[in-house]
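Engineer: Here's my sequence, what's the structure:
(one chain, ligands or ions: 1)
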Amino acid sequence: MNLEKLMNDLEKKHPGEVEYLQAVREVLESIEEVVNENPHFETAGIVERIIEPDRVLSFKVPWMDDQGKVHVNLGYRVQFNNALGPYKGGLRFHPSVNLSILKFLGFEQIFKNSLTTLPIGGGKGGSDFNPKGKSDTEIMRFCQSFMLELWKIIGPEMDVPAGDIGVGGKEIGYLYGMYKKLTHEHHGVLTGKGLNWGGSLIRPEATGFGAVYFAKEMLATKGETFVGKTVCLSGFGNVAWGAAMKVNELGGKVVTLSGPDGFIHDPEGISGDKIEYMLELRASNQDIVAPYAMEFSEARFHAGKHPWEIKCDVAIPCATQNELNEADAKNLVANGVLCVAEGANMPSTPEAIEVFHENKVLFGPGKAVNAGGVATSGLEMSQNAMKLNWRREEVDERLQHIMISIHDTCVKHGTEPDGHINYVKGANVAGFLKVANAMLDQGVI
Ligand code: NDP
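Structural biologist: A predicted model of the protein is given here:
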């Protein structure tokens, strides 16, 4: 495999799609050896086929605000690869959304979904719509308009979207309502649904819970546990919330949370009432981080900064892509971090990952660490197909098994001769092999 030629060709076809090119390069670097050992992959053009999405739908989303003014946003769905099952991946509503970001997320999703052991392919979608500060009726009108285009290419056996940044239970409800109206069908076409109309217990907290289960396994390779560990989290959304709850449950202390405007440091620990308070702020759809420091005097707000300057044993970035750079990684290493587990997708820059690997820090990439979210979405699809609801304990047990299995797979494919576990390589190689072999079986299509 000629990696540089592949990347040059891709760059020429998709100039400026920085995040997508970054994600492809990271995967290709990890799988180069395994592709070279399997010449039939090269003959069948597996790599050239896997790095381009099957198709991309882009559309305009006109919607009316509460004052009667019409706005137009852009909407997308990237259907990347369905060798293992229906396309599956979240919808992101955030002003930063563009095709490069959705292609990076969709590409990563192929390997993540492959790792879950469930029969799901990879996709992603979203819009540059900003739900922040919008009323519920504005969000509803936007979701309805978005679905007026999306419904044509999704279905429970075709493509099953879910939530991501800016898309939680409320948005999934509005999207589902419109889908139902258009198709006259009530089935598992979206995941993250409300509990009383097809949703799964544990789904809201699954990504964060799964990330902490994975980090627990990482720590165990060094004979360590969460008990007494100081943990820095970033973000305070769907993922960070579940992670904070589970870290507390396992005996760790969460000391930071963040938003786009800065982070809060609470050396006493963020648990119980404090998490409840954050959830209230979050539900109000307002700026959520800064007011925390006014409510709890032991906490300090650090405007415009990342939490990675705070000393911790475990770091779990849960906000967004490229939020932890080389300088942040050096800070964490200098402060003795043991384990970095990516709750978000691609939060660490390539230079930061290099620093972690050079210093033999346990580093878990998002596609393995945060796979618990999509895995539980897969469990929601199974429950919908069977018209059954599993108990909370049942879903949680399956989630734990899946995270342990992903960890074992990473160890199997990523352990280096000196015993260091390269989780990036392990996740990429294992995720790739399963999809590549399915593509070989299914012929050139
Ligand atoms: P949410 O929108 O619920 O939360 C994102 C959090 O990050 C919010 O607290 C947000 O603050 C904060 N944030 C956003 N941008 C920045 C920034 N530039 N700097 C610092 N903080 C920021 O999203 P999710 O929790 O769902 O997703 C977070 C990450 O996890 C994403 O990378 C997503 O792709 C990934 N992920 C999510 C899954 C899920 O199940 N939800 C599954 C797998 C991965 P504010 O609200 O103030 O903007």
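Engineer: what about the strands in the chain?
Structural biologist: Applying DSSP state E to the chain gives strands spanning 55-64, 70-81, 87-93, 122-127, 159-162, 230-233, 253-259, 262-265, 300-303, 314-316, 339-341, 362-364.
Engineer: Tell me which of the ones you listed sits nearest to the ligand.
Structural biologist: Closest to the ligand of the strands of the chain, according to C-beta to the nearest ligand atom: strand 253-259, at 3.7 Å. Any C-beta I mention is one placed from the backbone N, CA and C, and that applies to glycine too.
Engineer: Show me what the closest one is packed up against.
Structural biologist: Other helices and strands packing on strand 253-259, by 3 or more C-beta pairs under 8 Å, 6 or more residues apart in numbering; DSSP states H and E, are strand 230-233, helix 238-249, strand 262-265.
Engineer: One more pass at 6 Å, please.
Structural biologist: Judged by 3 or more C-beta pairs under 6 Å, 6 or more residues apart in numbering; DSSP states H and E, strand 253-259 is in contact with strand 230-233, strand 262-265.
Engineer: Direction included, what does it pair against?
Structural biologist: Partners of strand 253-259 in the sheet, by DSSP bridges, are strand 230-233 (parallel), strand 262-265 (antiparallel).
Engineer: That strand versus helix 238-249: what angle between them?
Structural biologist: 170 degrees (axes from the mean of the first three to the mean of the last three C-alpha atoms, to 10 degrees).
Engineer: Going forward, count from 22.
Structural biologist: Sounds good: first residue 22 from here, last item strand 274-280.
Engineer: hmm, who's touching strand 274-280?
Structural biologist: Contact with strand 274-280 is made by 251-255, 257, 265, 268, 284-288, 290-291, 309-310, 328, 331, as judged by C-beta atoms under 6 Å, 6 or more residues apart in numbering.
Engineer: Ok, stretch 312-322 next?
Structural biologist: Here stretch 312-322 makes contact (C-beta under 6 Å, 6+ apart) with 283, 285-287, 289, 311.
Engineer: Export those to TSV and append columns for pLDDT and neighbour count.
Structural biologist: As requested, those are arranged in TSV below (pLDDT from 0 to 100; neighbours: other C-beta atoms under 10 Å):
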residue	pLDDT	neighbour count
G283	94	16
I285	95	25
H286	97	20
D287	97	19
E289	96	12
A311	85	16
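Engineer: which of those are close to the ligand?
Structural biologist: With the criterion set as C-beta under 6 Å from any ligand atom, no member of the contacts of stretch 312-322 is near the ligand.
Engineer: any chance of those in TSV, plus distance to H378?
Structural biologist: Converted to TSV, the contacts of stretch 312-322 look like this (distance: C-beta to C-beta, whole Å):
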residue	distance to H378
G283	29
I285	30
H286	27
D287	31
E289	33
A311	35
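Engineer: Check those and tell me the two furthest apart.
Structural biologist: G283 and E289 (18.9 Å; C-beta to C-beta).
Engineer: Hmm, Y234 is touching M424, no?
Structural biologist: Yes. Y234 sits in contact with M424 when judged by C-beta atoms under 6 Å, with a separation of 4.1 Å.
Engineer: So the two - more neighbours on which side?
Structural biologist: A direct count of neighbours by other C-beta atoms under 10 Å for Y234 and M424 places M424 higher, at 27 against 24.
Engineer: The longest helix anywhere in the chain close to the ligand?
Structural biologist: When the chain is parsed with DSSP state H, its longest helix is helix 413-435. No. Contact of helix 413-435 with the ligand (C-beta under 6 Å from any ligand atom) is absent, the minimum separation being 12.1 Å.
Engineer: what does the stretch 122-271 of the chain put close to the ligand?
Structural biologist: By C-beta under 6 Å from any ligand atom, the residues of the stretch 122-271 of the chain that approach the ligand are 184-187, 228, 255-260.
Engineer: Export those as TSV, with columns for pLDDT.
Structural biologist: Output for those, formatted as TSV (pLDDT from 0 to 100):
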residue	pLDDT
G184	95
D185	95
I186	93
G187	94
T228	96
S255	97
G256	94
F257	90
G258	89
N259	89
V260	95
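Engineer: Out of those residues, which two are the most distant from each other?
Structural biologist: For those, the maximum inter-member distance is 18.7 Å, found between G184 and S255 (C-beta to C-beta).
Engineer: returning to what we had before: which one, of the strands of the chain, ends up nearest to V450?
Structural biologist: Of all the strands of the chain, strand 383-385 comes closest under C-beta to C-beta, at 14.9 Å.
Engineer: Adding distance to H35, write the strands of the chain out as JSON lines.
Structural biologist: Shown next, in JSON lines, are the strands of the chain (distance: least, C-beta to C-beta, whole Å):
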{"stretch": "strand 76-85", "distance to H35": "11"}
{"stretch": "strand 91-102", "distance to H35": "12"}
{"stretch": "strand 108-114", "distance to H35": "19"}
{"stretch": "strand 143-148", "distance to H35": "16"}
{"stretch": "strand 180-183", "distance to H35": "22"}
{"stretch": "strand 251-254", "distance to H35": "33"}
{"stretch": "strand 274-280", "distance to H35": "31"}
{"stretch": "strand 283-286", "distance to H35": "34"}
{"stretch": "strand 321-324", "distance to H35": "36"}
{"stretch": "strand 335-337", "distance to H35": "31"}
{"stretch": "strand 360-362", "distance to H35": "29"}
{"stretch": "strand 383-385", "distance to H35": "28"}
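Engineer: T242: which of these is closest?
Structural biologist: Shortest distance between T242 and these, using C-beta to C-beta, is found for strand 383-385: 7.1 Å.
Engineer: what sits against F125?
Structural biologist: Contacts of F125 by C-beta under 6 Å, 6+ apart are 40-41, 44.
Engineer: From the residues you listed, list just the buried residues.
Structural biologist: Listed as buried from the contacts of F125 are 40-41, 44; burial here means 16 or more other C-beta atoms under 10 Å.
Engineer: Helices of the stretch 272-421 of the chain, residue ranges please.
Structural biologist: Using DSSP state H, counting those that start in this stretch, the helices of the stretch 272-421 of the chain run over residues 293-304, 311-316, 347-355, 371-379, 387-390, 392-407, 413-435.
Engineer: Likewise for the stretch 22-171 of the chain?
Structural biologist: For the stretch 22-171 of the chain, the helices defined by DSSP H, counting those that start in this stretch cover 24-34, 39-58, 60-64, 67-71, 120-136, 157-171.
Engineer: Those helices: which one's closest to V361?
Structural biologist: With C-beta to C-beta, the closest approach to V361 among the helices of the stretch 22-171 of the chain belongs to helix 39-58: 15.5 Å.
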